[in-house]
Each structure stands twice: as C-alpha cells, then as structure tokens.
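Novice: give me the fold of what follows.
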Amino acid sequence: MTVSSAIASFAVVAGMLTVMPGLDTALVLRSAITQGRRRAFATALGILSGVLVWGVAAAVGAAAVLTASRLLYDALRLAGAGYLVWLGIGMLRRTLKERGRSGSGDATDGAGATAAGETWARSWARGLGTSLLNPKNGVFYMAMLPQFIPGGSSHLLMGVVLAAVHDLEGLVWFSALIFGTQLVRRWLDRGSVRRAIDAVTGSVLVGFGVKVALGGA
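Specialist: The predicted structure is shown next:
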C-alpha cells in the first residue's frame with residue numbers, strides 16, 4: 001500500500017463515518033440554531049481538535065494502552081458519561097428557565113442571554129471535551145489507523161495526516177450543516193423552537209451519557 005492509496009482509502013472510510021448522524025452533529029446543529037454561526041464553528045473546531053489529538057495518540061501507541069487497560073478505559077468512559085450528562089442537564093435546566101420566563105411574561109430574550117454567557121472559547125472547549133472524553137474515538141483510531149499506515153512510513157506523521165484528512169472532511173460537513181441552518185434560522189430562532197431544540201439535544205446527551213456509563217456505547 002502506498003501513502004497516496006492509504007490516504008484515499010482512509011478518506012472513504014472516515015467520510016462515511018463523518019456524515020453518519022451522531023453526537024457531534026447534534027452539538028454543532030444545536031449551536032448553529034441557538035447560538036449562531038460563530039459559536040457553531042467554535043464547537044466544530046473543538047470537536048475536530050479532539051479528533052486530531054486522538055489520531056496522534058493512536059499513532060504513538062497511547063490508544064493501545066487505553067484499549068489494553070480495562071481500568072483506564074472504564075475511567076475514561078465514566079468521565080465521558082458524566083460530562084455528557086452534565087451538558088445535557090445544563091441544557092434542560094436552561095430550557096425550563098426560559099420557559100418559566102416566557103410564562104411569567106418576562107420580555108428578556110433567552111437566546112440573547114445564552115449567547116452573552118457563551119464565549120467562543122467556551123464553545124470550542126465543549127466540542128473538544130466531548131471529542132476527547134468519548135472512548136469510542138480512541139478505539140476507532142486504534143483499530144483503523146494501523147490498517148492505513150504503509151510499511152516503512154512514520155507512524156506519527158501518518159497518524160497526523162490521516163487525522164487531518166478526517167478533520168478536513170468534518171469541517172466540510174459541519175460547514176454545510178451550519179450554513180444550511182442559517183438559511184432557516186429566522187424560523188428556528190423562535191423561542192418555542194429554541195427551547196424544543198435544547199430539550200431534545202439535552203435529552204439525547206443525558207441518554208447517551210447513561211448508555212456510555214452502562215457500557216452500552
């Protein structure tokens with residue numbers, strides 16, 4: 001296998017995984033709808049940064065240690081589960097607060113309050129944390145990368161290159177989602193729709209976190 005054929009083959013596999021609906025897509029869509037384009041891109045870049053870290057870790061063998069050690073894997077799994085549940089509960093609580101303000105006649109714009117407390121760095125960190133604390137990312141890269149590293153090539157360099165290819169595909173996919181969402185954001189930006197999106201996304205995060213904690217993810 002040559003380097004070019006390895007990259008092309010990996011791009012096909014990574015591309016199929018990128019467009020599959022999942023947690024990353026849900027987070028980016030939620031950010032695009034409720035917080036705007038800049039925050040959505042910050043979330044997406046955080047997720048892609050985590051992918052790059054996993055690619056490098058798999059290339060240097062760190063993911064092998066994670067896979068071999070059940071204790072380390074379980075620790076990361078439970079940390080990731082707790083993080084997802086924490087994010088989900090935060091969204092559900094914010095939904096209830098906005099619903100309470102709306103019901104009491106408070107004219108404060110819930111979206112404006114949320115955006116004011118949500119910095120670019122915080123959105124990036126949320127995406128990064130979600131990506132890094134997902135043990136399935138490590139397992140995926142540990143299982144896939146060795147199959148696409150030609151003999152005699154640098155494992156670290158190929159790991160970075162393949163993860164960068166995955167990131168590029170992810171950036172194209174997330175950009176399409178974000179810009180597509182902006183076309184209908186005026187309708188989606190209604191208070192009731194925003195609250196429904198946060199409620200659904202929060203419920204998905206909590207459910208996914210519980211599933212990860214139980215070892216079913």
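Novice: just the helices from this protein, written as ranges.
Specialist: 3-18, 23-34, 37-60, 62-68, 70-103, 110-116, 120-132, 135-144, 155-183, 185-188, 191-213 (DSSP state H).
Novice: now those as a markdown table including mean pLDDT?
Specialist: Converted to a markdown table, the helices of the chain look like this (pLDDT from 0 to 100):
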| stretch | mean pLDDT |
| --- | --- |
| helix 3-18 | 86 |
| helix 23-34 | 84 |
| helix 37-60 | 89 |
| helix 62-68 | 57 |
| helix 70-103 | 72 |
| helix 110-116 | 47 |
| helix 120-132 | 90 |
| helix 135-144 | 70 |
| helix 155-183 | 90 |
| helix 185-188 | 63 |
| helix 191-213 | 72 |
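Novice: spatially nearest residue to residue 171 (excluding sequence neighbours)?
Specialist: Spatially, and ignoring its direct neighbours in sequence, residue 171 is nearest to residue 48 (6.3 Å; CB to CB, 6 or more residues apart in numbering). Using the backbone N, CA and C atoms, a C-beta is placed for each residue, glycine as well.
Novice: I misspoke; the intended subject was residue 45.
Specialist: Excluding the flanking residues, the one nearest residue 45 by CB to CB, 6+ apart is residue 124, at 5.8 Å.
Novice: residues in contact with the one you found?
Specialist: Applying CB atoms under 8 Å, 6 or more residues apart in numbering to residue 124 gives the contacts 42, 43, 45, 46, 49.
Novice: hmm, try it at 10 Å
Specialist: Residues near residue 124 by CB atoms under 10 Å, 6 or more residues apart in numbering: 39, 41, 42, 43, 44, 45, 46, 47, 48, 49.
Novice: and for residue 44?
Specialist: Taking CB under 10 Å, 6+ apart, we find residue 44 in contact with 24-25, 27-28, 31-32, 123-124, 127, 167, 170-171, 173-175, 177-178.
Novice: separate out the buried members of the contacts of residue 124.
Specialist: Buried residues within the contacts of residue 124, counting neighbours by 16 or more other CB atoms under 10 Å: 39, 41, 42, 43, 44, 45, 46, 47, 48, 49.
Novice: so what's the first one closest to, chain neighbours aside?
Specialist: Yep, that's residue 39 we're talking about. Of all residues not flanking residue 39 in the chain, residue 123 sits nearest, at 4.5 Å (CB to CB, 6+ apart).
Novice: was I right about the one you found contacting residue 41?
Specialist: Yes - if you go by CB atoms under 10 Å, residue 123 and residue 41 touch, sitting 8.4 Å apart.
Novice: isn't residue 23 right up against residue 129?
Specialist: No - proximity of residue 23 to residue 129 does not meet the contact threshold set by CB under 10 Å, at 11.9 Å.
Novice: joint contacts of the two?
Specialist: Joint contacts of residue 23 and residue 129 (CB under 10 Å, 6+ apart) are 47, 84, 87.
Novice: could you report the neighbour count for residue 13?
Specialist: Around residue 13 there are 15 other residues, counting by other CB atoms under 10 Å.
Novice: ok, it - contacts?
Specialist: Contact analysis of residue 13 by CB under 10 Å, 6+ apart lists 140, 144, 147, 148, 162, 166.
Novice: save the buried ones among the contacts of residue 124 as a markdown table, and put in distance to residue 206 too.
Specialist: Listed next are the buried ones among the contacts of residue 124 as a markdown table, based on distance: CB to CB, whole Å:
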| residue | distance to residue 206 |
| --- | --- |
| 39 | 21 |
| 41 | 25 |
| 42 | 23 |
| 43 | 18 |
| 44 | 22 |
| 45 | 25 |
| 46 | 20 |
| 47 | 19 |
| 48 | 24 |
| 49 | 24 |
